[in-house]
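# only geometry, no sequence info:
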């Protein structure tokens, strides 16, 4: 599959079948995240794989967006290991986790699975439920699995601004 075809095929899947995701596929997704570039190659990402139904059910205390997916990844970064920009101490851990998550979402799509990025969650409740150590910051939750037979992209999925609206050459 060509890269742009893969990117166009990916959508935010919000309805999953109850089919279990094979461990080999989960491991391939995690490998895609491991190979993602990070600032100064510090690799501060820490990923919690959640497959236990009870644990996934408990996440409904911090978000309504689990979509009953069979796998949810909690994508975090270690504040003690992430690169900080020297000029203003901006922490690049969020950017690193965003790149990692994007790599994993594309791998998920290539494997015939679906995913959606979830940023709408109570971080303190999630930290409590998942027993996330204080040195880690949760950036997002990534539910994934086999799309339900009637899963489809949202009506807004195909709506894109023109290239002229989003790109300038040499100056704004």
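It's in. Predicted, not measured: the structure shown is a model, and the values here were computed from it. Numbering: from 1, shown residues only.

# helices or strands up against the longest helix seen in the chain?
Using DSSP state H, we find that the single longest helix of the chain is helix 93-110. Applying 3 or more CB pairs under 8 Å, 6 or more residues apart in numbering; DSSP states H and E, one finds that helix 93-110 contacts helix 3-9, helix 23-34, strand 45-50, strand 71-78, strand 114-115, strand 136-145. All C-beta spots, glycine's among them, are computed from the backbone N, C-alpha and C.

# hey, which of these is tucked in deepest?
Most buried of the helices and strands packed on helix 93-110 by mean neighbour count (mean count of other CB atoms under 10 Å) is strand 114-115; its value is a mean of 27.

# ok, residues contacting that strand?
By CB atoms under 8 Å, 6 or more residues apart in numbering, the residues outside strand 114-115 that reach it are 11-13, 16, 69, 104-105, 108-109, 142-147, 151.

# if we go to 7 Å?
Applying CB atoms under 7 Å, 6 or more residues apart in numbering, the contact partners of strand 114-115 are 13, 16, 105, 108, 142-145, 147, 151.

# and the residues you listed, which two are furthest apart?
With CB to CB as the measure, no two of the contacts of strand 114-115 lie farther apart than 142 and 151, at 16.0 Å.

# so how far is residue 138 from residue 105?
17 Å (CB to CB, to the nearest Å).

# what residues sit buried inside the longest helix of the chain?
Within helix 93-110, the residues scored as buried using 16 or more other CB atoms under 10 Å are 93, 95-109.
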